[in-house]
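Below is the sequence, then the predicted model.
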Amino acid sequence: MLVTLFHEIAQELADFIVLTKFGGLPVWKALAFNFLSGLTVCLGGIVFLAATPTDTATGVILAMAGGVYINIAACETAPRM
């Protein structure tokens, strides 16, 4: 559980930096959007756990989520470095 907390802190900080530095948003807008995106993650987790998915469904969902992160890293973030 503690590892998840550390991951989320780093993730939200990185999101904030991307929104303010590369997105050009003011600080208050970046904080608001970051907060709203965090709420959707919580909502998705609650819906997922309430649905009691099988191990196969969990694997498919995790694979799709991993693919989304790889796509974002390869297509959006890496070219800006």
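Perfect, thanks for sending it.

Which secondary structure elements does the lengthiest helix in the chain sit against?
Under DSSP state H, the helix in the chain containing the largest number of residues is helix 27-50. When contacts are defined as 3 or more C-beta pairs under 8 Å, 6 or more residues apart in numbering; DSSP states H and E, helix 27-50 packs onto helix 2-17. All C-beta spots, glycine's among them, are computed from the backbone N, C-alpha and C.

tell me the contacts of residue 36?
Applying C-beta atoms under 8 Å, 6 or more residues apart in numbering to residue 36 gives no contacts.

Need the pLDDT of it.
As predicted, residue 36 sits at a pLDDT of 91.

before we move on, what about residue 77?
Listed pLDDT for residue 77 reads 75.

Tell me where the model's unsure across the protein.
Within the chain, the ranges that satisfy pLDDT under 70 run 1.

which residue lies farthest from the center of it?
In terms of distance from the mean C-alpha position of the chain, residue 54 ranks first, at 23.0 Å (C-alpha atoms, centre = their mean).

so who does residue 9 touch?
Residue 9 touches nothing, counting by C-beta under 8 Å, 6+ apart.

Distance from the chain centre to the helix or strand harbouring residue 65, please.
For residue 65, the element it lies in under DSSP states H and E is helix 55-72. Helix 55-72 sits 13 Å away from the centroid of its parent chain (C-alpha atoms, centre = their mean, to the nearest Å).

Good, we can wrap up now.
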